[in-house]
Structures are given as structure tokens and as C-alpha cells.
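>>> Have a look at this prediction, sequence included:
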Amino acid sequence: MLELVCPHCFAINRVPETRFTEQPKCGKCGNLLLPGTPLELDGAHFDRYIGRNQLPVVVDFWASWCGPCKMMAPAFKQAAHDLSGKISFAKVDTEAEQPLGARYAVRSIPTMIVFKNGQEHARTSGALDVSGIKRWLSGAL
């Protein structure tokens, strides 16, 4: 059993790994636990989502004015779809959530950080395509 945080209501759910391919739903709100799309995180929910998820979570720190961030967004979304059930994907807008960017010393964007059990495990900066994201994640995990 792994604990998964619902990306909708942030409730903690215990799910057997064997059920990940069956599109498990939250016991509280009924929404999908592994939707295959990146979750927009804010400061109010960041620690719970990162700290309580037992799947690795890769977070894209980005900003709306950043050209490379905009170019990488479709690739990040595709990677989230392709790796659903293995890794959770989230995004943090560094303009709206400046304290989170400062807390993790994000100096350039886009920056992706992999969190495992609430702790930073790996990071990379710069835009990547889908295969680059997957290659980086396979080496980072």
C-alpha cells in the first residue's frame, strides 16, 4: 500500500500499487488520484502534497513570462501522461508563489525538482523535450 495525496481535495488515500493501472479514485471526493496531468500547486498545499505522497513528485518551477517555460509546458504535460502511476507531476508558478521559489533556491526557470518522501532528490534547470524529461527522470530516480 502506498499513500497518495488527492490532487483535488488533498486527502490522503492508501492504494495498493497493483491498482494504479485501474485509475484509482479518492475515497473522499471521488476524483482520480492519478489523473496523468500536472497539478498546479500553491503554497497552501505544497507541503502536504510533496510530503505525504509516496510516489516521487517532479515539480516544474516556471513563470508565465518565461519563453522556455512555455515551450517546455507541452512536453511536461506529455511526460505526466506517459509516466502516470509511476511519478506524480506538479507545477509551481514562481511569480505567484515566490516564497516557494526562494525556499528551494530556484535561480533560473524552468527548474524541475524531484521530491521523494518530501525531500529534494534531484534537480535540473533549462527546458527539455519529452524524451529529455524522461531520460533525466530515469537517471534521477
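That came through, no problem. Numbers count the residues shown, from 1 in each chain.
>>> Just name whatever secondary elements the host helix or strand of F46 is in contact with.
Using DSSP states H and E, F46 sits in helix 43-52. If contacts are counted by 3 or more CB pairs under 8 Å, 6 or more residues apart in numbering; DSSP states H and E, helix 43-52 sits against strand 2-5, strand 57-62, strand 88-93, helix 98-103. Every residue, glycine included, has its C-beta placed from N, CA and C.
>>> Can you mark which positions in it are buried?
46, 49-50, 52 (16 or more other CB atoms under 10 Å).
>>> same thing with stretch 108-115?
In stretch 108-115, counting by 16+ other CB under 10 Å, buried: 109-115.
>>> Turn those into JSON lines, columns for pLDDT.
Listed next are those as JSON lines, based on pLDDT from 0 to 100:
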{"residue": "I109", "pLDDT": "97"}
{"residue": "P110", "pLDDT": "98"}
{"residue": "T111", "pLDDT": "98"}
{"residue": "M112", "pLDDT": "98"}
{"residue": "I113", "pLDDT": "98"}
{"residue": "V114", "pLDDT": "98"}
{"residue": "F115", "pLDDT": "97"}
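>>> what ranges do the helices span in this structure?
43-52, 67-82, 98-103, 130-140 (DSSP state H).
>>> Out of these, which one sits most buried?
Comparing those by mean neighbour count (mean count of other CB atoms under 10 Å), helix 67-82 ranks first with a mean of 17.
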